[in-house]
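J.: Got a predicted model here, sequence first, then my questions.
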Amino acid sequence: MKAVCWNGANDVRVQSVPDPTILNPRDAIIKITSTAICGSDLHIYGGYIPTVQQGDIIGHEFMGEVVEVGKGVNNLKIGDRVVVPSTIGCGNCHYCQGDMWSLCDNSNPNGWIQEKLFGNITSAIYGYSHMLGGYAGAQAEYIRVPFADVGVVKVPPDLPDEMLLFISDAIPTGYMGAELCDIQPGDTVAVWGCGAVGQFAMISAYMMGAEKVIGIDRFPERLEMAKKFAKAEVINYEEVNAGEALKEMTGGRGPDACIDAVGLEAHGVGLEDFYDQTKQKLKLETDRPHVLREMMVACRKGGTLSIMGVYGGFVDKIPLGAAFNKGLTFRMGQMHGQKYMHSLLQMILDGKLDPSFVVTHQLPLEQAPHAYNIFQQKKDNCIKVVLKP
Amino acid sequence: MTSTSGNKQSTSQTEASEVERWASLIGGGAMVLMGLRQGSLRGALTALAGGGLVYQGATKQSTIQKAQEVIGINQPIKVEKTVTINKSAEELYRFWHDFENLPTFMKHLKSVKVHNEKRSHWIANAPLDNTVEWDADILEDRENEFISWASVEGADIDNSGFVRFKKAPGDRGTEVKVVLEYNPPGGALAATVAKLFGEEPEQQIGDELRRFKMLMEAGEISTTEGQTSGRK
């Protein structure tokens, strides 16, 4: 089959690889009909995620059709149309049973790497480094789905892929980002990053009772999308100082909650950005925490920071004094897709949510290298690419 | 918690603290390894099985080890690891008690054959397609709580171990603690034994316990071995 393989920083290639096979009883093989490039795939593409190896198939946002099931999978049959959550959960451990699927104890066969680095093991994610399981990813014609009897969501045949695909990852990530803010009626929520996850975080914040939502980005097309679809007020941080603008827009208080939908490749302005970029290039810090710093200073006293952008390792120069003295709450984590997917699907079926607006590009799988390039460089107003195997 | 230690010998401990450690060992075995810094696991387990403070085994072992240390022969490999498994102690004890199940998640074991309720024969994989073998006897067996074992005379590698099952607080299942000790006999075989667990014995034991947990909780051991990739 054809698959998108990582061959080094900023080098992905579409290669011929063997078809996946059933390796465990609870596996299924899915023929992929749509697979998206997630913003966090750009961290891999850019070479920022450790333990990605040459030849790894990447991608974790996907849907398709069941073509084979292991003997331990009794609730799926060949021909079922399914969406699969990007994080892999066993469904049996303490965490999965507590609906904290991305903290699964059992899905990561390379847990020892994480245990050394993080002190504990979290769930595996498709195509997202060997530290996070080393499973082959979804930007391919077929994929092996472990623990397919749990988490996988069957979807009806009559809606297009673009309506359903994003319950795999981007929508539950945004939704969880808003949920972690514990939004009270009347709250103002600021969202850093107006990519797909940021858009869904803003929409979700309104659903949960926010009175005002503010989107922060530097690309006009993303800010336009935030205004049009998420009904957000927007700040272009390259045009105005985001911190001052937020103060001004919140009566001097600061937002009640701040959502990071950017992660470790955040861009800032000025000296601080130069500092992070330099340290990251010298491998003196792994992540650029620009958004984290800005949120800690901008947030109102007693407010909440919700971190959904991916961080992988170590950050530097964090204004903990601000966070401590202002009594901020930090909440974060990989999304627990399996917890949210069914209710999100229902919202789509009920006509309350149409996520297809985020798709700016639909390309054949063969054009993955081009797709990565335009997404990374934000060329051609690229916000979300769906690849068609 | 994991610790591996070259078994540093010391005679500075008082008799009273030894007794205290033995008491705590017999009382539930919570901090066994702490009590083993001075003695051998086998001595401790033998004493435990005997139900008294029979320290002879341990002290005898100590002397040998002290001599080995002086002449620079390999130190024992001693590993301690605990994992919490979302299953009842009964279920976990039952699976473990059939030692023939152990190689399904302990990759360093090739096979275990149970001869009778006390004795079993173990074959471990060694580098270069070699194997090492030994007979082991169960020393103590408390249903749903504790199993200890040790190799008998004539083993390729003198070794011993125990597993303890303890209800975890709240609704979290069972805390499974394993302590293993391998005493290389010295000479050519010592090097083989050193490689038996690779360079990271605690990591290997950790991986094995994680596989035990996967098998018990998820019914299968998660793997990416044999999957497709674009590697050349």
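T.: Structure received. Residues are numbered from 1 along each chain as shown, chains lettered A, B, ... in the order given.
J.: From the rest of the structure, what touches the longest strand that chain B contains?
T.: Longest strand in chain B, counting residues (DSSP state E): strand B:130-142. Strand B:130-142 is contacted by residues B:45-46, B:48-49, B:97, B:110, B:115, B:117-126, B:146-152, B:154-157, B:159-160, B:162, B:189, B:192-193, B:196 when judged by Cβ atoms under 8 Å, 6 or more residues apart in numbering or on different chains. Any C-beta I mention is one placed from the backbone N, CA and C, and that applies to glycine too.
J.: quick one: buried residues of that strand?
T.: B:132-134, B:136-140 (16 or more other Cβ atoms under 10 Å in any protein chain shown).
J.: ok, back up a step: give me the subset of the contacts of strand B:130-142 lying in strands.
T.: Short answer: these in strands (DSSP E) are B:110, B:119-126, B:146-151, B:159-160, B:162.
J.: where do the helices sit along the stretch 1-150 of chain A?
T.: Per DSSP state H, counting those that start in this stretch, the stretch 1-150 of chain A carries helices over the ranges A:41-45, A:94-97, A:111-118.
J.: winner for burial among the ones you listed?
T.: Among the helices of the stretch 1-150 of chain A, helix A:41-45 has the highest mean neighbour count (mean count of other Cβ atoms under 10 Å in any protein chain shown), at a mean of 23.
J.: touching chain B at all, that one?
T.: No - Helix A:41-45 lies out of reach of chain B by Cβ under 8 Å from any Cβ of the partner chain, never closer than 14.0 Å.
J.: Just the C-alphas of that helix, formatted as PDB.
T.: Provided in PDB are the C-alpha atoms of helix A:41-45 (Å, rounded to 0.1, in the frame of the first residue of the first chain):
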ATOM      1  CA  ASP A  41       1.800  16.500  12.800                       C
ATOM      2  CA  LEU A  42       3.800  19.600  11.900                       C
ATOM      3  CA  HIS A  43       5.800  19.100  15.100                       C
ATOM      4  CA  ILE A  44       6.900  15.700  13.800                       C
ATOM      5  CA  TYR A  45       7.400  17.100  10.300                       C
END
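J.: so what's B:Gln9 scoring on pLDDT?
T.: At B:Gln9, the model reports a pLDDT of 39.
J.: Reformat the helices of the stretch 1-150 of chain A as CSV; add mean pLDDT.
T.: Putting the helices of the stretch 1-150 of chain A into CSV (pLDDT from 0 to 100) gives the following:
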stretch, mean pLDDT
helix A:41-45, 95
helix A:94-97, 97
helix A:111-118, 87
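J.: who in chain B is up against chain A?
T.: Counting by Cβ under 8 Å from any Cβ, the residues of chain B that sit close to chain A are B:84, B:86, B:171-173, B:203, B:206-207, B:210, B:213-214, B:217-232.
J.: Counting neighbours, which of those end up buried?
T.: Using 16+ other Cβ under 10 Å, the buried members of those are B:84, B:86, B:173, B:203, B:206-207, B:210, B:213-214, B:217-218, B:220-224, B:227-230.
J.: one step back: okay, the helices of the stretch 1-150 of chain A in JSON lines with distance to A:Asp354 next?
T.: Putting the helices of the stretch 1-150 of chain A into JSON lines (distance: least, Cβ to Cβ, whole Å) gives the following:
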{"stretch": "helix A:41-45", "distance to A:Asp354": "24"}
{"stretch": "helix A:94-97", "distance to A:Asp354": "30"}
{"stretch": "helix A:111-118", "distance to A:Asp354": "37"}
